[in-house]
Every structure is written in C-alpha cells, then in structure tokens.
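Enquirer: Can you look at this prediction? I've put the sequence above it.
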Amino acid sequence: MTGRRRGFTLLELLVVMAIIATLLTIAVPRYMRSLQRSREAVLMQDLTTLRESIDKFYGDTGKYPPTLAVLVEKHYLRSIPVDPIARTADKWILVNSEDPEDNGVKDVRSGAEGKGENGAPYVAW
C-alpha cells in the first residue's frame with residue numbers, strides 16, 4: 001500500500017458543484033414558470049366556478065347575489081375560493097349589475113396585480 005487516502009479532491013468536488021449549479025440554472029426557471037402556469041389555470045377554473053354559481057343563483061332567484069358570501073350561504077359554493085395569484089379570498093373584484101332594481105354581483109374578476117403569461121392583466125380575466 002502506498003499510504004494514499006481514499007476520497008475526493010477539492011478539484012473534483014468543485015467540478016461536481018459547477019455541474020449541479022449549471023443544471024439548476026436550467027431547471028429552476030422552468031419549474032417557476034410551470035408553477036405560474038398552474039396558478040393561472042387554477043385562477044381560470046375558480047373564475048369559471050364563481051361565474052357559473054352567479055348564473056345559477058340568477059337562474060333560480062331572478063336576481064344577482066348581493067355578495068359572494070350569499071352564494072356560500074345558499075350552498076351554490078362550498079366556500080369562496082382563494083385567488084391563487086393574490087393568495088387571498090378577499091381580493092376578488094365584484095362587478096355589479098347596471099340594473100338599479102337589482103344591483104347584485106353580476107361578474108367577478110381577479111384582484112391580483114400583474115399580467116399573465118398571455119400578456120393580459122389578471123384584472124381583465
């Protein structure tokens with residue numbers, strides 16, 4: 001035996017770390033974009049669910065709901081969904097009807113700031 005120790009040299013460890021760092025610079029941005037696309041897909045589904053619930057309420061009662069909480073009370077929704085972009089259920093923008101006799105919630109939009117991957121602001125969704 002030559003008395004040489006087994007193990008990795010500092011140079012070998014640095015090369016491995018450089019390879020790992022290079023792979024991470026490629027993988028992390030793609031992962032973040034996929035997370036953002038997932039949040040946007042959930043936002044679209046939540047908006048669709050809210051709008052369908054408003055339409056069903058209007059079809060059943062002939063009036064728009066005064067608030068989103070009424071949809072929960074009347075069991076059109078289990079709960080008000082959390083806006084996945086704004087990360088709160090309090091940021092929904094309520095669009096009221098123009099009818100002076102029925103000034104309930106006609107539509108709902110996201111209150112999140114910024115733009116989606118399609119370039120449209122979240123508020124316009």
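Expert: It's in. Everything numeric in this text was worked out from a predicted model, so none of it was measured.
Enquirer: May I see the buried residues of stretch 94-106?
Expert: By neighbour count on 16 or more other Cβ atoms under 10 Å, the buried set for stretch 94-106 is 94, 104-106. Bear in mind the C-beta positions are built from the backbone N, C-alpha and C, glycine included.
Enquirer: of those residues, closest to Ala41?
Expert: Leu94 (22.6 Å; Cβ to Cβ).
Enquirer: helix/strand/coil for that closest one?
Expert: Recorded secondary structure, Leu94: strand (DSSP: H, G, I helix; E, B strand; the rest coil).
Enquirer: what sits against it?
Expert: 67-68, 105, 107-108 (Cβ atoms under 8 Å, 6 or more residues apart in numbering).
Enquirer: Need the residues you listed in JSON lines (columns: secondary structure and pLDDT).
Expert: Putting these into JSON lines (DSSP: H, G, I helix; E, B strand; the rest coil; pLDDT from 0 to 100) gives the following:
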{"residue": "Thr67", "secondary structure": "coil", "pLDDT": "95"}
{"residue": "Leu68", "secondary structure": "helix", "pLDDT": "96"}
{"residue": "Val105", "secondary structure": "strand", "pLDDT": "96"}
{"residue": "Asp107", "secondary structure": "strand", "pLDDT": "97"}
{"residue": "Val108", "secondary structure": "strand", "pLDDT": "97"}
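Enquirer: Just the buried residues from these, in ChimeraX please.
Expert: Filtering these down to the buried ones (16+ other Cβ under 10 Å) takes a single ChimeraX command:
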select :68,105,108
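Enquirer: Widest-spaced pair of the contacts of Leu94?
Expert: Top of the distance list for the contacts of Leu94 (Cβ to Cβ): Thr67 and Asp107, 13.6 Å.
Enquirer: Could you dump the contacts of Leu94 into JSON lines with distance to Ala18 added?
Expert: Shown next, in JSON lines, are the contacts of Leu94 (distance: Cβ to Cβ, whole Å):
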{"residue": "Thr67", "distance to Ala18": "56"}
{"residue": "Leu68", "distance to Ala18": "52"}
{"residue": "Val105", "distance to Ala18": "56"}
{"residue": "Asp107", "distance to Ala18": "53"}
{"residue": "Val108", "distance to Ala18": "49"}
